[in-house]
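K.L.:
Pasting the sequence and the predicted model now:
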Amino acid sequence: MNRQRVIFFGKNIIRALLLVVCVSMITFALMKASPVDPLQANVGQAALGSMSQEQKEKLQAYWGVDTPPVEQYLSWAKDFIRGDMGVSLLYRQPVASVIAVKLANSLFLMALAWVISGILGFALGVISGMNRGKPADHVIRGYCLVISSTPVFWLALLLLMIFGVWLHIFPIGLSVPIGVEASGVTLADRLYHAFLPALTLSITGVSNIALHTREKMIDIMESDYMLFARMRGEKGWRLFRYYGFRNVLFPAVTLQFASISEIFGGSVLVEQVFSYPGLGQAAVSAGLGSDMPLLMAVTIVSALFVFGGNLTANLLYGVIDPRVRQGGKAK
Amino acid sequence: MRKLNRRQRLLLGLAFSAAFLIIVCVWGILGAEAARATDFSRKNIPPCLQYPFGTDWLGRDMLARTVKGLSMSILIGITAAAVSAVIALLLGIASATMGRAVDSVVSFVIDLIMGVPHILLLILISVALGKGLKGVIIGVAVTHWPSLARLIRAEVLQLKEMPYIKIAVKLGKSRWHIAVKHMLPHLLPQFIVGLVLLFPHAILHESSITFLGFGLSTEQPAIGIVLSEAMKYLATGKWWLALFPGLFLVITVALFYILGQSLRKLLDPGSVHQ
């Protein structure tokens, strides 16, 4: 590994870390700006009403309600790095353990959707780009337009209505069967329950990658080496396999890594519709229930994933494309 | 009938989309009462001639509710897109013309905003502003500019290399003069198209965040609220509650996309051949 590459890697990693720190600061500031009264949120309305003024003041001093925000942030951040993310107000458990359970559920779902939408979108984009202007291209572009106009949650409702309520093929919610012990849940059960949510996420994730791959494929089709290959009579699968595949794969892979944010956002809505107990649902209930510690932790965890994805995309670009590696800058 | 050429077809599509959106808006504003009127003698009617979209469990006409909800979403979407577009224009130009320091700060902020999943960002802003309608509108308005700002920044960077801009610099024109006289007219078509293409995103995000239960009360039937209410009655087999409002939402968003793409083809004829 040469020196330039180390600098390139280092720069990207430092930038990602800096971004995560900034996200945490802004999240903290937003939570501070919220009109929710910290005392009331923590002890509940009824308990707060029955307390004397003296007790309230004691509690305020104990929790440090009046300490300056910067000091509050620093002490919170210090604990956060050590793994103490506070106690969730809704679940009455340490936030770290709540997140661990929810994240495991969500990751399963998102990874499934991420892989499926990536492969499917790539294939559709290639087909569309290679058959530009033909019926296949029109159908795929039409599909992409419809899908990018469709709200994720409505698609989820529709699939739930058709497969869950009407045809009774798939369950209408949750990630495991009801009334079964945790040890009795098999992988098949989990797949069965994750199928509809994952299908929804995959369907919506396809359009972005398909359209981008199509653009790239069209560029490649117009290049001189493609023209030459076609002049010699190469076509169809062979043309794609030996001339197009590698060139179009790299931009698609980078884009797919950069699209983690969208899958995350989609999963919030999909989990809500399917009552799938994942990170997204935790975020929604934390937001509605003013559960600040949980909401902040979810935000930071998701930001870590997104920046991790972007970082991977940048680094992959550097590893794959020698031109980027030497320039030291991903474009 | 004489066959229409591409430009005429585009204009026709443009006029149709604009007309649809205006009709929905006006109808929704005028029909606010009908959307709230309950009548228990007509509850849970499946779609029929009198009630094309059916009625819900309180006997409210789903057609009126759908139109009312859509009109609210469109209005919020337009406001949000306009605000975001102005922010994008200012930041995009600033970052491309005011030197490296400003540029890297703006790029950093863009990365920052894009780093948090959009829905989560909207939830955070909504919580910070007290979960009201205000939170939804402000949240949607201030989070949609990064992609357009990037686009404008790239465009301005390209413009700066153009001979006529370089000559203007050499002639000693002020930055302000160059930006307003030479760059803005060139950016305007792209800007307008970008503005129109922000609507679909704004509307989708607005409906998503209200669907999740943030912001609007059930008194103001935004399309997201209509759909989230429909979800509760889904398991009882009342399919029309969710189908028609959602379908119309999709049509509205798709029309905005088509509007934007037609505008692009009209304003920038070269892009047709790309």
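P.N.:
Looks like it arrived, so ask away.

K.L.:
What strand or helix carries residue 70?
P.N.:
Picking chain A for this. Counting by DSSP states H and E, the element that carries A:Val70 is helix A:69-82.

K.L.:
To clarify, I was referring to chain B.
P.N.:
Remark: B:Leu70 resides in helix B:62-97, with elements defined by DSSP H and E.

K.L.:
how far does that helix sit from the chain's center?
P.N.:
On the basis of CA atoms, centre = their mean, to the nearest Å, the separation between the geometric centre of helix B:62-97 and that of its chain is 5 Å.

K.L.:
name the helices or strands packed onto it?
P.N.:
Using 3 or more CB pairs under 8 Å, 6 or more residues apart in numbering or on different chains; DSSP states H and E as the contact criterion, the secondary-structure elements in contact with helix B:62-97 are helix B:6-30, helix B:32-36, helix B:100-115, helix B:133-142, helix B:146-160, helix B:184-211, helix B:223-232, helix B:239-267. C-betas here are computed from N, CA, C, even on glycine.

K.L.:
What are the buried residues along that helix?
P.N.:
By neighbour count with 16 or more other CB atoms under 10 Å in any protein chain shown, helix B:62-97 contains the buried residues B:62-74, B:76-81, B:83-85, B:87-89, B:91-97.

K.L.:
Repeat that for stretch B:177-195.
P.N.:
Of the residues in stretch B:177-195, those buried by neighbour count under the rule 16+ other CB under 10 Å are B:Ile178, B:Ala179, B:His182, B:Met183, B:His186, B:Leu187, B:Gln190, B:Phe191, B:Val193, B:Gly194, B:Leu195.

K.L.:
Now render those as a markdown table, adding distance to A:Trp114.
P.N.:
Below are the buried residues of stretch B:177-195 laid out as a markdown table (distance: CB to CB, whole Å):
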| residue | distance to A:Trp114 |
| --- | --- |
| B:Ile178 | 45 |
| B:Ala179 | 42 |
| B:His182 | 45 |
| B:Met183 | 40 |
| B:His186 | 39 |
| B:Leu187 | 36 |
| B:Gln190 | 32 |
| B:Phe191 | 34 |
| B:Val193 | 31 |
| B:Gly194 | 28 |
| B:Leu195 | 31 |
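
K.L.:
export those to a markdown table and tack on distance to chain A and pLDDT?
P.N.:
Putting those into a markdown table (distance: CB to the nearest CB, whole Å; pLDDT from 0 to 100) gives the following:
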| residue | distance to chain A | pLDDT |
| --- | --- | --- |
| B:Ile178 | 26 | 84 |
| B:Ala179 | 25 | 81 |
| B:His182 | 26 | 84 |
| B:Met183 | 23 | 83 |
| B:His186 | 23 | 83 |
| B:Leu187 | 22 | 84 |
| B:Gln190 | 17 | 82 |
| B:Phe191 | 21 | 86 |
| B:Val193 | 16 | 85 |
| B:Gly194 | 16 | 85 |
| B:Leu195 | 18 | 86 |
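
K.L.:
which residues in chain A form strands?
P.N.:
Counting by DSSP state E, one finds no strands in chain A.

K.L.:
and B:Gly28, what is it in contact with?
P.N.:
Counting by CB atoms under 8 Å, 6 or more residues apart in numbering or on different chains, B:Gly28 makes contact with B:Ala35, B:Val67, B:Lys68, B:Gly69, B:Leu70, B:Ser71, B:Met72, B:Ile74.

K.L.:
Identify the residue spatially nearest to it, adjacent ones excluded.
P.N.:
Spatial nearest neighbour of B:Gly28, chain neighbours left out: B:Ser71 (2.4 Å); criterion: CB to CB, 6 or more residues apart in numbering or on different chains.

K.L.:
cool, and B:Phe191?
P.N.:
Excluding its sequence neighbours, the residue lying closest to B:Phe191 (CB to CB, 6+ apart) is B:Leu89, at 6.0 Å.

K.L.:
Which residues are in contact with the one you found?
P.N.:
Contacts for B:Leu89 were tallied using CB under 8 Å, 6+ apart; they are B:Leu148, B:Ala149, B:Ile152, B:Leu187, B:Phe191.

K.L.:
For A:Leu155, see how far away B:Leu198 is.
P.N.:
Remark: distance between B:Leu198 and A:Leu155 (CB to CB, to the nearest Å) = 22 Å.

K.L.:
what does A:Ile162 give?
P.N.:
A:Ile162 is 11 Å from A:Leu155, where distance means CB to CB.

K.L.:
can you check B:Leu122 too?
P.N.:
Applying CB to CB, one obtains 19 Å for the distance of B:Leu122 from A:Leu155.

K.L.:
got it, and B:Lys68?
P.N.:
In terms of CB to CB, B:Lys68 sits 23 Å off from A:Leu155.

K.L.:
just A:Ser149 next, same as before
P.N.:
Using CB to CB, one gets 11 Å for the distance from A:Ser149 to A:Leu155.

K.L.:
mind listing what the closest residue to B:Trp239 other than its chain neighbours touches?
P.N.:
Using CB to CB, 6+ apart and skipping residues adjacent in sequence, the residue nearest B:Trp239 is A:Met161, 5.7 Å away. Residues touching A:Met161, when contacts are defined by CB under 8 Å, 6+ apart, comprise B:Leu234, B:Trp239, B:Ala242, B:Leu243.

K.L.:
that older thread, who's more crowded, A:Ile162 and A:Leu155?
P.N.:
Under the neighbour definition other CB atoms under 10 Å in any protein chain shown, A:Ile162 and A:Leu155 were set side by side, and A:Leu155 has more, 22 against 14.

K.L.:
For that one, give its distance to chain B.
P.N.:
Between A:Leu155 and chain B the distance is 9 Å, computed by CB to the nearest CB, to the nearest Å.
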